[in-house]
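Novice: Fold the stuff below for me.
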Amino acid sequence: MTRKYIDCREFPSEMDCSVALSADSEGELLEAAVQHAVAVHKHADSPELRTQLKSLFHDGTPPIDAPRSA
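Specialist: As a prediction, the model looks like this:
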């Protein structure tokens, strides 16, 4: 099983979020990413949000010094 991650540093935001999430399963990562997107970034939980988040998943673990988006 390949670990998966999503990293807010890859996406510009008003709050310059530096959170990276990882999990052993896509389902677990999706739930954590949705909770983060709703609670921190004030997105509404929707099928579209879940599809968008899943498209941003990477295999492996987040790099320690990921470059921030400009």
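Novice: I'd guessed residue 62 sits against residue 4; true?
Specialist: No - using CB atoms under 8 Å, residue 62 makes no contact with residue 4, being 10.2 Å away. Quick note: C-beta positions are derived from backbone N, CA and C, even for glycine.
Novice: what touches both of the two?
Specialist: residue 22 (CB atoms under 8 Å, 6 or more residues apart in numbering).
Novice: Check which residues of stretch 28-41 are buried.
Specialist: With burial defined by 16 or more other CB atoms under 10 Å, the residues of stretch 28-41 counted as buried are 29-30, 32-34, 36-37.
Novice: Endpoints of stretch 33-49, how far apart?
Specialist: Counting by CA to CA, to the nearest Å, you get 10 Å between the two ends of stretch 33-49.
Novice: what sits up against stretch 42-53?
Specialist: Residues contacting stretch 42-53 (CB under 8 Å, 6+ apart): 6, 30, 33-34, 37-38.
Novice: Just the buried residues of that stretch, please?
Specialist: Buried, per 16+ other CB under 10 Å, within stretch 42-53: 49, 53.
Novice: pLDDT (mean, whole number) over it?
Specialist: Taken as a whole, stretch 42-53 has an average pLDDT of 97.
Novice: again with stretch 56-70
Specialist: pLDDT averaged over stretch 56-70 gives 79.
Novice: cool, and stretch 18-36?
Specialist: For stretch 18-36, mean pLDDT rounds to 97.
Novice: I'm done for today, thanks for sticking with me.
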